[in-house]
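Participant: Provided below for reference: sequence and predicted model.
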Amino acid sequence: MKDVLSNNKFIIAVTVIVIVVIALTSNYMTSARNPLDKSEYKELYRTIHDYNDENGFSSQEELRTFITNWAGEKGLEYKTDRYNNIVFRSKAVSRKKKFSPTVVCTGYNFETATDNSRLLASAMMIAATNGDSGKKTVILCNDEQNLGTGFKHISKKLIPSNAKVIYMDYGSSSYLSGSSFGMSVSTITVPAKITKVKCDTAVKVHISGLTSGEVTPSLSKHPDVISAFSSLLTRLKSKSTICQLADVEIGSNGNMYPVSLDATFLLNSYAAGSFTAYIDKRIKAWEKAYGDSYEDLEYTYEVIDDPEALPEKAYSSKSTDRLTSVLYTISNDIYKYEETDKIPENREPGDTCGLNCTLDLKADNKSFDIRIMTQGYNAAYIRKIQDENRLISELYDCGYKTRYTVPRFLNTRDSLIRILLNTYTKLNNVSTASTLLNIDSDNYFTPCSYLQAINKKADIVHARLNKDNSVTLTNSILCYIRTKGNLLSL
């Protein structure tokens, strides 16, 4: 009888031990597969979104302070370099010192913080999540006005030749990419001459209340103040109205969409009624198209018919006509592959191959300078679009100059992108369209070009997050950093 009881106790003890081991193993596996604290992540991105939505980040410095204060509360070590990049670095655990270092980069821009709240939270949580991993560096790059200032000046020490670099951004779709468009900025200079005012009425037009944004293939959906200005000039010219331009000021915003317009048009009183009636129609069209998205939108005008209040000088009719013609002729739109083009793999006729966008218009007593951003699949497509811009400038006896060009990003290796995709697929249920993650090519410019210029040997991948999978993709990146593709450890 005693032997039976002893055997039962032994069996019970073994069973308990097995249960405990299974529970511990299960907990470890669950923890290993889910390093991201999802509740903390959601709280963080909602805080960023609500902060900007209610009060508004008024400057790059304010957003940077928000990020560094958060890091201080978390007890994270960070450095802010001379270009205002915020750099978080974690040392490798002893047994993973030979792992290739991982560098995660994204940009921070106070003007897009609301739209990118999930993206910022992803980068910050990757920096804050401790892991049994190799060397990890997270860089939030200063990208005020989308000028790429922080990306261009990342220290070369932070991206060694054996680095695995993941650049993250945010959009409507989600995918991994190893290539993106090149970009070039150029200027058309329209000669101008100042003369006396020859008209008896002025119409001052004002547009404001817009928020800026990055130039992408969805540019046709964004309110364009330069096109609005061009349409008013074109209206006057099409009616053969004697007119002059007294002044124009565009609220330019670096390499982002301009945000405001102030312009004064001069014409004679008999033509003013027809012109203001046209402006009224444009105001209604803008309110219908953009009123819901831009609560502070203002599109107004003022008629000045007091001779004492008119501007004293204006641009000559010839100068005004020349500017009108150039702005009307410039294609401010996306370009698509045609049947006769040498179309890249995985692309077809009708897909985006380039874009052309007017960013700024500066006026002085001698000229109008029109700044244009051109993006293209490669250098050939950029040249093709710029040749059109150059032809327009020559047609109207204007100057043309390319300011700078940034080559396309192309990673010919598939190691990092393949391992990231495998990690994501193993960790997540990808049976639904919203959670599917594909390998694709970017049809717009990304800062990956700047990262590749820092070290051409680094393995760089662009990971695009969206609303549906920002949590799962962020978690997958953390698992990749921990395992480096050793999926058996998950």
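Facilitator: Cool, the structure landed. Numbers count the residues shown, from 1 in each chain.
Participant: hey, let's count contacts and neighbours off CA atoms from now on
Facilitator: OK.
Participant: can you tell me which residue is spatially central in this protein?
Facilitator: Glu214 (4.4 Å; CA atoms, centre = their mean).
Participant: I'd say that residue and Gly254 touch.
Facilitator: No - distance between Glu214 and Gly254: 10.0 Å, which falls outside the contact criterion (CA atoms under 8 Å).
Participant: returning to that earlier point: what's the residue nearest to the centre of the chain in contact with, if anything?
Facilitator: Taking CA atoms under 8 Å, 6 or more residues apart in numbering, we find Glu214 in contact with 146, 255-257.
Participant: for these, which one is nearest Lys457?
Facilitator: Each of those was checked against Lys457 using CA to CA; the closest is Asn146, at 25.3 Å.
Participant: with just CA atoms, put whichever strand or helix holds Leu416 into CSV.
Facilitator: For Leu416, the enclosing helix or strand under DSSP states H and E is helix 415-427. Taking Å, rounded to 0.1, in the frame of the first residue of the first chain, the C-alpha atoms of helix 415-427 are listed here in CSV:
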residue,chain,number,x,y,z
SER,A,415,18.5,39.2,-47.2
LEU,A,416,16.9,41.7,-44.8
ILE,A,417,13.7,42.2,-46.7
ARG,A,418,13.2,38.4,-47.0
ILE,A,419,13.9,37.8,-43.3
LEU,A,420,11.6,40.6,-42.2
LEU,A,421,8.8,39.2,-44.3
ASN,A,422,9.3,35.7,-43.0
THR,A,423,9.3,37.0,-39.4
TYR,A,424,6.1,38.9,-40.0
THR,A,425,4.4,36.0,-41.7
LYS,A,426,5.3,33.5,-39.0
LEU,A,427,4.2,35.8,-36.2
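Participant: in the next helix or strand after it, what counts as buried?
Facilitator: Towards the C-terminus, the helix or strand next in line after helix 415-427, according to DSSP H and E, is strand 438-440. Under the neighbour-count criterion of 16 or more other CA atoms under 10 Å, strand 438-440 has Asp440 buried.
Participant: can you list contacts of strand 438-440?
Facilitator: Counting contacts by CA under 8 Å, 6+ apart, the residues touching strand 438-440 from outside are 174-178, 417, 421.
Participant: parallel or antiparallel, list what pairs with it.
Facilitator: Paired strands of strand 438-440, with direction, are strand 175-177 (parallel) (DSSP bridges).
Participant: so what does whatever helix or strand comes next after the partner strand touch, helix or strand wise?
Facilitator: Reading on from strand 175-177 to the C-terminus, the next helix or strand found by DSSP H and E is strand 179-180. In this structure, strand 179-180 makes packing contacts with strand 409-410, judged by 3 or more CA pairs under 8 Å, 6 or more residues apart in numbering; DSSP states H and E.
Participant: name the helices or strands packed onto the strand it packs on?
Facilitator: Packed against strand 409-410, as judged by 3+ CA pairs under 8 Å, 6+ apart, are the following elements: strand 179-180, helix 448-454.
Participant: rerun at 10 Å
Facilitator: Under the contact criterion of 3 or more CA pairs under 10 Å, 6 or more residues apart in numbering; DSSP states H and E, the helices and strands touching strand 409-410 comprise strand 179-180, helix 448-454, strand 459-465.
Participant: list of residues touching that strand?
Facilitator: Applying CA atoms under 10 Å, 6 or more residues apart in numbering, the contact partners of strand 409-410 are 177-182, 377-378, 441-442, 445-453, 456, 460-462.
Participant: buried among those? Need that as a selection in ChimeraX.
Facilitator: Buried residues among the contacts of strand 409-410 (16+ other CA under 10 Å), as a ChimeraX selection:
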select :177,178,179,180,181,182,377,378,441,442,445,446,447,448,449,450,451,452,453,460,461,462
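Participant: where does the stretch 51-200 of the chain dip in pLDDT?
Facilitator: Within the stretch 51-200 of the chain, the stretches falling below the threshold (pLDDT under 70) are 52-55.
Participant: could you pull out the strands for it?
Facilitator: Per DSSP state E, counting those that start in this stretch, the stretch 51-200 of the chain carries strands over the ranges 78-80, 86-90, 102-108, 136-142, 164-170, 175-177, 179-180, 182-191, 194-196.
Participant: want to throw the ones you listed into CSV with distance to Lys484?
Facilitator: Supplementary listing: the strands of the stretch 51-200 of the chain in CSV, determined by distance: least, CA to CA, whole Å:
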stretch, distance to Lys484
strand 78-80, 24
strand 86-90, 16
strand 102-108, 9
strand 136-142, 12
strand 164-170, 10
strand 175-177, 17
strand 179-180, 22
strand 182-191, 30
strand 194-196, 65
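Participant: and the ones you listed: which comes nearest Ser319?
Facilitator: Closest to Ser319 of these, according to CA to CA: strand 182-191, at 6.9 Å.
Participant: so which elements touch the closest one?
Facilitator: Packed against strand 182-191, as judged by 3+ CA pairs under 10 Å, 6+ apart, are the following elements: helix 317-329, strand 352-363, strand 367-376, helix 379-395, strand 399-406.
Participant: re the thing from before, any figure for the gap between the residue nearest to the centre of the chain and Ile330?
Facilitator: Applying CA to CA, to the nearest Å, one obtains 20 Å for the distance of Glu214 from Ile330.
Participant: can you check Lys467 too?
Facilitator: Taking CA to CA as the measure, Lys467 and Ile330 are separated by 35 Å.
Participant: so which of the two has more stuff around it?
Facilitator: Taking neighbours as other CA atoms under 10 Å, Lys467 and Ile330 compare with Ile330 leading, 17 against 14.
Participant: hmm, that one is touching Leu395, no?
Facilitator: No - the pair formed by Ile330 and Leu395 falls short of the contact definition of CA atoms under 10 Å, at 11.7 Å.
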